[in-house]
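Novice: Dropping the sequence and predicted coords here.
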Amino acid sequence: MARRQQGDTTGGDAVDTILAQWHRERPDLDVSPMGMIGRLKRCAALVQQQLDATFAEFDMSGWEFDMLATLRRSGAPYRLAPTALFSTLMVTSGTMTHRLQRLEGRGWITRVANPDDARSTLVQLTDDGFALIERAVEAHVANEHRMLAPLTKASLTNIDTGLSDWLRVLEGNK
């Protein structure tokens, strides 16, 4: 699909309207980056709403899904050190402590002695946590497939490649 000319709001998306307003008010300013970043932010917000709806079917939040999924994908015996969890999930240790308490209270994780270091513990999925994440990840992946289904394979490849390139730059891995 061809992009519309700057300032054209007919048949466009919500970001096109914003760009047209800026073009009208500040024709001297190149606001084209707002298009891509605005669309990315709007897509992220709309995707998050649909992800959250799927997580809610399992009585869990997005962060609960992320924690359980991180433990699940770590492989048997599905346990990690708390520091590995909070660095993977990009949260502070204080946030991690609160989240671990909540998941433990729900019976989805347990803390076990670290066999390699008697001074520390590991976080491990319980049988209930494992069963829950198995069901939830299947629904999550089906939901993601559903969201992406209207796009062509070529569009998906281009989007994925472009986002991967940009992410490497933003992460400093050029």
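Specialist: Yep, that arrived.
Novice: Relative to Thr88, how far out is Ile109?
Specialist: 15 Å (Cβ to Cβ, to the nearest Å). Heads up, the C-betas are built off the backbone N, CA and C, glycines and all.
Novice: no wait, Arg99
Specialist: Counting by Cβ to Cβ, the gap from Arg99 to Thr88 is 13 Å.
Novice: Which one's more surrounded, these two?
Specialist: Under the criterion of other Cβ atoms under 10 Å, the comparison of Arg99 against Thr88 puts Arg99 first, with 22 against 15.
Novice: That one: what's it in contact with?
Specialist: Arg99 sits next to 63-64, 67, 91 when contact means Cβ atoms under 8 Å, 6 or more residues apart in numbering.
Novice: Turn those into a markdown table, columns for distance to Asp128, neighbour count and pLDDT.
Specialist: Compiled in a markdown table, the contacts of Arg99 are given as follows (distance: Cβ to Cβ, whole Å; neighbours: other Cβ atoms under 10 Å; pLDDT from 0 to 100):
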| residue | distance to Asp128 | neighbour count | pLDDT |
| --- | --- | --- | --- |
| Trp63 | 18 | 15 | 94 |
| Glu64 | 13 | 22 | 96 |
| Met67 | 14 | 29 | 94 |
| Val91 | 23 | 17 | 83 |
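Novice: Excluding covalently adjacent residues, which one is nearest to the residue nearest the centre of the chain?
Specialist: The centre of the chain sits closest to Gln48, judged by Cα atoms, centre = their mean, with a distance of 7.5 Å. Closest residue to Gln48 apart from its sequence neighbours, by Cβ to Cβ, 6 or more residues apart in numbering: Gly62 at 7.3 Å.
Novice: pretty sure that neighbour is touching Leu51, no?
Specialist: Yes - at 6.3 Å, Gly62 counts as touching Leu51 under the criterion of Cβ atoms under 8 Å.
Novice: who's more crowded, these two?
Specialist: Legend: neighbour count by other Cβ under 10 Å for Gly62 and Leu51, higher for Leu51 (16 against 13).
Novice: Domains of the protein: list them as residue ranges, please.
Specialist: Listed by automatic domain parsing, the domain ranges of the chain are 1-60, 61-174.
Novice: Can you flag the weakest of these by average pLDDT?
Specialist: Of all the domains of the chain, the minimum mean pLDDT falls on domain 1-60 (a mean of 86).
Novice: gap between that domain and the chain center?
Specialist: Centre-to-centre, domain 1-60 and its host chain are 18 Å apart (Cα atoms, centre = their mean, to the nearest Å).
Novice: again with stretch 84-91
Specialist: That offset, for stretch 84-91, works out to 13 Å (Cα atoms, centre = their mean).
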